[in-house]
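Undergrad: for reference, the sequence and a predicted model appear below.
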Amino acid sequence: MTVKQQADFKLEIPHGDDRERRVCQSCDFVDYQNPKIVAGAVIVQDGKVLLCKRAIEPRKGFWTLPAGFMELGESVEEAAAREAFEEAEAKIEIDRVLAVYSVPRIGQVQVMFRAKLIGGYGIGPESEESGLFEWKDIPWSELAFPTVVWALTDYAATRDQDNFAPFANPEGTDALTR
């Protein structure tokens with residue numbers, strides 16, 4: 001394809017595939033569109049949970065766990081640690097995988113960890129504020145996303161356990177994810 005040519009994509013099922021994809025009609029390039037991976041953590045210190053108030057859309061002004069999209073070249077653990085620092089200036093020690101949630105409606109797979117806060121925290125550029133919350137003081141009605149509620153709930157079920165199987169989407173949540 002020369003510089004002046006423009007790709008002409010059409011939805012079709014490529015040979016050997018089972019679903020429609022965008023296929024270039026000039027060179028047969030298949031433009032695969034796959035889910036994005038979000039990495040985050042339930043970060044605790046002295047029994048309190050670190051939350052950040054979002055300074056960006058979607059759900060600006062609502063509370064969330066530090067989490068965000070993975071970058072190329074980093075592990076999921078590195079992404080969770082980077083997001084904790086970006087959103088709350090927090091250094092963390094990851095304990096283990098807490099859960100893997102699927103949100104097909106928005107093309108995401110969310111990998112959430114249990115982690116400990118190492119030292120202090122602050123306010124990153126994507127947050128309006130951040131804070132450590134006692135369990136009874138978590139602003140449940142102001143949480144940004146269903147997956148934040150799920151992760152906190154799954155954390156509560158395992159906070160005194162050293163070994164457990166990672167969680168997945170709670171039963172009956174299909175309407176929230178599709």
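TA: Yep, that arrived. Numbering: from 1, shown residues only.
Undergrad: give me the neighbour count for the spatially closest residue to D28 that is not a sequence neighbour.
TA: Closest residue to D28 apart from its sequence neighbours, by CB to CB, 6 or more residues apart in numbering: P14 at 7.8 Å. In this view, the C-beta of every residue, glycine as well, is placed from N, C-alpha and C. Using other CB atoms under 10 Å, P14 is surrounded by 15 other residues.
Undergrad: list the contacts for the residue nearest the centre of the chain?
TA: With distances taken as CA atoms, centre = their mean, the residue of the chain nearest its centroid is V38 (3.0 Å). For V38, the contacting residues are A67, G68, F69, M70, Q108, V109, Q110, V111, by CB atoms under 8 Å, 6 or more residues apart in numbering.
Undergrad: so L11 makes contact with C24?
TA: No - using CB atoms under 8 Å, L11 is not in contact with C24; the gap is 11.7 Å.
Undergrad: quick one: the helices in this structure?
TA: 76-88, 146-158, 174-177 (DSSP state H).
Undergrad: and the gap between the residue nearest to D28 and E20?
TA: 9 Å (CB to CB, to the nearest Å).
Undergrad: that older thread, L11 and C24 - which one has more neighbours?
TA: C24 (14 against 9).
Undergrad: how many other residues sit next to the nearest residue to the more buried one once chain neighbours are set aside?
TA: Leaving out its chain neighbours, the residue that sits closest to C24 by CB to CB, 6+ apart is A7, at 5.0 Å. The tally of other residues near A7 (other CB under 10 Å) stands at 12.
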